[in-house]
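Engineer: here is my input, please return the structure:
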Amino acid sequence: MPVIEPAPLAQPVAHEGILRRQSLRESAARTYARSLPIVPVRARGLTIEGADGRRYLDCLSGAGTLALGHNHPVVLEAIKKVLASGAPLHVLDLATPVKDAFITELFATLPRPLADGARIQFCGPAGTDAVEAALKLVRTATGRTGLLAFTGAYHGMTAGALGASGGATDVRVTRLPYPQNYRCPFGIGGERGAELAARWTENLLDDPKGGVPAPAGMILEPVQGEGGVIPAPDAWLRRMREITAARSIPLIADEVQTGVGRTGAFWAVEHSGIVPDVMVLSKAIGGSLPLAVIVYRSELDTWQPGAHAGTFRGNQLAMAAGAATLAFVRENRLAERAATLGARMLGRLQGLAATHRCIGDVRGRGLMIGVELVDPDSDDPHAAAPPADPSLAAAVQQECLRRGLIVELGGRHAGVVRLLPPLTLTDEQADAVLDRFADALEAAENSPRRRHETGPSS
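Structural biologist: Next up is the predicted model:
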C-alpha cells in the first residue's frame with residue numbers, strides 16, 4: 001500500500017517565497033537545500049514540520065549531528081539553565097563550570113587507556129577545524145609533514161581536511177586502499193581483501209623505494225560516511241593500529257560522524273578495541289549546537305600557546321547541550337539500542353534487496369545505514385559489481401521526500417541512500433521509515449520517465 005505524506009490543502013505563500021529568495025540570494029555552493037526544498041519551522045524528535053504544513057521523518061539528523069533528534073527535552077533544559085544563570089556565553093578558551101562539566105562527561109565516555117592520560121583542544125565550531133588541529137598536532141609532535149589517508153575518505157572542506165579526503169588533487173598525501181566487500185579494490189572482498197589492503201600499507205611504508213618517507217600521522221574513519229557507509233573491518237583496524245604503533249606513526253580516528261553511539265558503540269573504535277593517539281570529535285558532541293574538539297595522548301602535547309586558536313572555541317550553550325546529550329546516551333544505553341535496532345533495519349533492507357535487483361548492497365553499523373543502488377543490467381564483463389545508479393538514487397530521494405521521509409545520498413557516485421535516524425528512534429518509527437523507503441523505491445523504479453530511459457525491466 002503506498003505510503004505518501006498528503007500535501008496540505010493550501011500551500012502558504014511564505015513557503016514558496018522563502019525558497020525563491022534562498023535561490024536568489026544564497027551561493028551556488030548550497031547543497032542540501034537543492035535536493036530538499038523544504039522550509040522547517042518546527043521540529044521534535046524524528047519529525048520536522050515545514051512552513052507548507054507538511055510533516056517529515058528526518059533520517060538525515062543534521063548529517064548525524066542530532067543524536068537525540070530535534071529539540072530533545074534534556075538538551076533544551078540544559079540550554080535554558082545556562083541562559084537563566086546569567087553565565088557568559090562567550091569566553092574564548094577560559095575555564096568555566098559548564099566547560100569543566102562537559103570535559104568530565106566526555107572523558108567518562110572515552111576509551112580508558114586514552115582518557116586516563118588525555119589532553120583536549122577546543123577548536124573552531126566545525127569538525128573540519130578539528131581535523132586541521134589534529135593534522136597540525138601530529139606534524140608538530142613528530143617534526144614530519146607527510147600524511148597517510150584512505151581512498152573514499154571525507155574529513156571536511158577546509159584545505160588540510162580536504163587534502164586528506166578522497167576527492168583531493170595535487171596534495172602531498174599518500175593514499176591507501178580502504179577495504180570494502182562490495183567494491184573491493186582487489187576484487188576479492190571479505191577477510192582476504194582486508195588483509196591485502198593491510199599488507200599493501202605495510203609494504204609501502206617499509207619499501208625503501210616506495211616513495212613514502214616516515215609520515216606525521218595516519219587519519220581514518222572507522223566507518224566511512226560520505227564515502228558510502230563503509231564500515232572498516234575490525235581486524236583491519238587492529239592491523240592499522242599495529243602498523244602505526246610499530247613505526248611511531250600517530251593514528252588519528254575521525255569520529256566526527258560515527259561518535260556518540262551512532263554505530264552501536266559509544267565510539268566506533270571500540271568495536272575493534274583499538275586506542276588511537278588522537279580522536280577528532282564534533283557533530284553530536286554539541287547536542288545539536290556547533291562544537292568540535294580533539295582528544296589526544298599527552299605525549300603529543302608539544303605545541304606552543306596559540307598554535308591552534310579560534311574565537312568561538314568556548315561555546316557554552318553547546319557544551320551544556322553536549323554534556324546533557326552525552327550523559328543521556330550513556331545512562332540510557334542508546335548505543336546498545338542503536339546496535340539492536342540497526343541490525344533489525346539492516347535485516348529488513350536486505351530482505352528488500354532480495355526482490356529488487358537495483359539494490360546492489362546494504363551495509364552499515366548501528367544506525368548508520370547505506371543502501372547502494374546500481375544498474376543491474378550493465379553488461380561490463382570486467383566489473384566486479386554493477387555500476388552505481390545515481391539517477392535512480394536521486395529519484396528515490398525525491399520519492400522519499402514526497403512520502404514525508406528525508407534521506408541523504410552519498411558514495412563515490414552519489415548512488416548510496418543513507419539513513420542516519422536519531423538514536424531515540426522507536427520500533428514503530430523505524431517501521432514507518434522503512435515502509436516509506438520501500439514504497440519510494442518501488443515508485444522510482446517504475447516511474448514512466450525511468451522506464452523510458454532504461455527500457456522494459458527484466
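Engineer: for stretch 97-112, list every residue counted as buried.
Structural biologist: Counting neighbours by 16 or more other Cβ atoms under 10 Å, one finds that the buried residues in stretch 97-112 are V98, K99, A101, F102, I103, E105, L106, T109, L110, P111. No exception for glycine: its C-beta is placed from N, CA and C like everyone else's.
Engineer: tabulate those residues (JSON lines), appending pLDDT and distance to T302.
Structural biologist: Formatted as JSON lines, these follow (pLDDT from 0 to 100; distance: Cβ to Cβ, whole Å):
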{"residue": "V98", "pLDDT": "97", "distance to T302": "28"}
{"residue": "K99", "pLDDT": "97", "distance to T302": "23"}
{"residue": "A101", "pLDDT": "97", "distance to T302": "28"}
{"residue": "F102", "pLDDT": "98", "distance to T302": "25"}
{"residue": "I103", "pLDDT": "97", "distance to T302": "21"}
{"residue": "E105", "pLDDT": "98", "distance to T302": "27"}
{"residue": "L106", "pLDDT": "98", "distance to T302": "22"}
{"residue": "T109", "pLDDT": "97", "distance to T302": "26"}
{"residue": "L110", "pLDDT": "97", "distance to T302": "21"}
{"residue": "P111", "pLDDT": "95", "distance to T302": "22"}
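Engineer: among those residues, which are in strands?
Structural biologist: With strands defined by DSSP state E, no entry of the buried residues of stretch 97-112 lies inside them.
Engineer: what's the closest of these to A444?
Structural biologist: Closest to A444 out of the buried residues of stretch 97-112 is T109 (39.8 Å), distances taken as Cβ to Cβ.
Engineer: dump the residue contacts of the closest residue to T96 other than its chain neighbours.
Structural biologist: Distance criterion Cβ to Cβ, 6 or more residues apart in numbering; nearest residue to T96, sequence neighbours excluded, is Q316 at 6.4 Å. Under the criterion of Cβ atoms under 8 Å, 6 or more residues apart in numbering, the contact partners of Q316 comprise V82, A87, P88, L89, H90, V91, T96, V98, K99.
Engineer: export those as a markdown table, with columns for distance to A444 and secondary structure.
Structural biologist: Below are those laid out as a markdown table (distance: Cβ to Cβ, whole Å; DSSP: H, G, I helix; E, B strand; the rest coil):
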| residue | distance to A444 | secondary structure |
| --- | --- | --- |
| V82 | 45 | helix |
| A87 | 50 | coil |
| P88 | 51 | coil |
| L89 | 46 | coil |
| H90 | 47 | coil |
| V91 | 50 | coil |
| T96 | 50 | coil |
| V98 | 47 | helix |
| K99 | 47 | helix |
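Engineer: buried subset of the residues you listed?
Structural biologist: When burial is judged by neighbour count using 16+ other Cβ under 10 Å, the buried members of these are V82, T96, V98, K99.
Engineer: between those residues, which sits nearest I219?
Structural biologist: Top of the list for closeness to I219, among the buried ones among the contacts of Q316 and by Cβ to Cβ, is K99 at 26.5 Å.
Engineer: thought that closest one was touching A318?
Structural biologist: No. The criterion here is Cβ atoms under 8 Å, and K99 misses it with A318 at 10.3 Å.
Engineer: please, which helix or strand holds the residue most central in space within the chain?
Structural biologist: Ranked by distance to the mean C-alpha position of the chain (Cα atoms, centre = their mean), the top residue is Q257 at 3.3 Å. Secondary-structure element containing Q257, defined by DSSP states H and E: none, the residue being outside all helices and strands.
Engineer: enumerate every residue touching V131.
Structural biologist: Neighbouring residues of V131 by Cβ under 8 Å, 6+ apart: H155, G156, T158, G160, A161, A164, I219, D254, V256, V280.
Engineer: looking at those, which are in strands?
Structural biologist: Per DSSP E, strands hold the following members of these: I219, D254, V280.
Engineer: state the distance from the second one to P222.
Structural biologist: In this structure, D254 and P222 are 8 Å apart, going by Cβ to Cβ, to the nearest Å.
Engineer: circling back: of the contacts of V131, keep whichever come out buried.
Structural biologist: H155, G156, G160, A161, A164, I219, D254, V256, V280.
Engineer: greatest separation within the residues you listed: which pair is it?
Structural biologist: Using Cβ to Cβ, the buried ones among the contacts of V131 span at most 14.4 Å, a distance reached by G160 and V256.
Engineer: picking that back up, V329: which of the contacts of V131 is nearest?
Structural biologist: V256 (16.1 Å).
Engineer: is it possible to get CSV of the contacts of Q316 that adds distance to L401?
Structural biologist: CSV is the format used below for those (distance: Cβ to Cβ, whole Å):
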residue, distance to L401
V82, 36
A87, 40
P88, 41
L89, 36
H90, 38
V91, 41
T96, 42
V98, 38
K99, 39
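Engineer: for the residues you listed, which one is nearest E331?
Structural biologist: Within the set of the contacts of Q316, V98 lies nearest E331; the separation is 19.2 Å, counting by Cβ to Cβ.
Engineer: that closest one is in contact with L83, isn't it?
Structural biologist: No. Counting by Cβ under 8 Å, no contact exists between V98 and L83, whose distance comes to 11.4 Å.
Engineer: any chance of JSON lines for the ones in strands among the contacts of V131, columns pLDDT and distance to R199?
Structural biologist: Rendered in JSON lines, the data for the ones in strands among the contacts of V131 read as follows (pLDDT from 0 to 100; distance: Cβ to Cβ, whole Å):
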{"residue": "I219", "pLDDT": "96", "distance to R199": "20"}
{"residue": "D254", "pLDDT": "97", "distance to R199": "23"}
{"residue": "V280", "pLDDT": "98", "distance to R199": "27"}
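Engineer: burial of the closest residue to G45 other than its chain neighbours, as a residue count?
Structural biologist: The shortest distance from G45 to any non-neighbouring residue, by Cβ to Cβ, 6+ apart, is to G69 (4.1 Å). Applying other Cβ atoms under 10 Å, we find 23 other residues in the vicinity of G69.
Engineer: contact partners for the spatially closest residue to T128 that is not a sequence neighbour?
Structural biologist: Once its chain neighbours are removed from consideration, T128 has its nearest residue in G156; the separation is 2.6 Å (Cβ to Cβ, 6+ apart). Taking Cβ under 8 Å, 6+ apart as the criterion, G156 is in contact with A126, G127, T128, D129, V131, E132, L162, S165, V256.
Engineer: and G156, what pLDDT?
Structural biologist: For G156, the pLDDT comes out at 80.
Engineer: same check on the one 3 residues further on?
Structural biologist: For A159, the pLDDT comes out at 71.
Engineer: where's it relative to T128, distance?
Structural biologist: Here the distance between A159 and T128 works out to 9 Å (Cβ to Cβ).
Engineer: what about the two, which has more around it?
Structural biologist: Under the criterion of other Cβ under 10 Å, the comparison of A159 against T128 puts T128 first, with 24 against 11.
Engineer: the more buried one contacts Y154, correct?
Structural biologist: No. Using Cβ under 8 Å, T128 makes no contact with Y154, being 9.9 Å away.
Engineer: save the buried ones among the contacts of Q316 as CSV, and put in distance to A194 too.
Structural biologist: Shown next, in CSV, are the buried ones among the contacts of Q316 (distance: Cβ to Cβ, whole Å):
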residue, distance to A194
V82, 46
T96, 45
V98, 43
K99, 40
